[in-house]
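Participant: got a structure for you, letters missing:
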């Protein structure tokens, strides 16, 4: 009887260790069907530029919130949007071929160009419309580091189905 009892104790001990090890598995060992779905790409189609700093600032703030949520962010600058991507002397911003006062282009204490630069630093991908950039007479070398003038084909290749799109 004692050998039966020993075997029973061993079986209970082994089963207990097995149950404990199953209960302590890290969450990454879940099957793919139980893993959280990747978050949708967040795309901002920004048609406003320095002509409407309130709208530009709001669009860039939304992009920042999406980055905070762990989303991939793509910002497409079209119409007046490429103005935001132009590097210039902060004391004398250059907007669509004219020098203007920087204080005119703040909204809520935020300057859209500075926000765009920060978003690029945080990992947002920024693409600019080539036709719009040319129309605004913005030379390619004057664009901020990280801004890419793209083609239609390249743009659509970066837009996955199911993306969230905001247009400002």
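Facilitator: Here it is on my side, so go on. The model shown is predicted, which means the values in this text are computed figures rather than measured ones.
Participant: so residue 63 makes contact with residue 72?
Facilitator: No: here residue 63 lies out of contact with residue 72, judged by Cβ atoms under 8 Å, at a distance of 10.8 Å. Heads up, the C-betas are built off the backbone N, CA and C, glycines and all.
Participant: who has more neighbours, the two?
Facilitator: residue 63 (26 against 18; other Cβ atoms under 10 Å).
Participant: sorry, back to before: okay, and the common contacts of residue 63 and residue 72?
Facilitator: Taking Cβ atoms under 8 Å, 6 or more residues apart in numbering as the criterion, residue 63 and residue 72 both touch residue 42.
Participant: what sits closest to residue 83 if chain neighbours are left out?
Facilitator: residue 49 (3.5 Å; Cβ to Cβ, 6 or more residues apart in numbering).
Participant: residues touching that neighbour, list them.
Facilitator: For residue 49, the contacting residues are 56, 77, 79, 80, 81, 82, 83, 84, 95, 96, 112, by Cβ under 8 Å, 6+ apart.
Participant: same thing with residue 165?
Facilitator: With Cβ under 8 Å, 6+ apart, residue 165 has these contacts: 43, 44, 45.
Participant: redo those as JSON lines? Include distance to residue 140.
Facilitator: Shown next, in JSON lines, are the contacts of residue 165 (distance: Cβ to Cβ, whole Å):
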{"residue": "43", "distance to residue 140": "23"}
{"residue": "44", "distance to residue 140": "21"}
{"residue": "45", "distance to residue 140": "21"}
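Participant: by neighbour count, which of those residues wins?
Facilitator: Highest count within the contacts of residue 165 by other Cβ under 10 Å belongs to residue 43, 25 neighbours.
Participant: for that residue, which three-state class applies?
Facilitator: Recorded secondary structure, residue 43: strand (DSSP: H, G, I helix; E, B strand; the rest coil).
Participant: surely it is in contact with residue 74?
Facilitator: Yes: taking Cβ under 8 Å as the definition, residue 43 is a contact partner of residue 74 at 4.7 Å.
Participant: which neighbours do these two share?
Facilitator: Both residue 43 and residue 74 are contacted by 159, 163, under the criterion Cβ under 8 Å, 6+ apart.
Participant: nearest residue to residue 127 other than its sequence neighbours?
Facilitator: residue 150 (4.2 Å).
Participant: identify the residues contacting that neighbour.
Facilitator: 127, 128, 129, 130.
Participant: what does residue 81 give?
Facilitator: 46, 47, 48, 49, 56, 128, 129, 132.
Participant: what's the closest of the residues you listed to residue 146?
Facilitator: residue 128 (10.8 Å; Cβ to Cβ).
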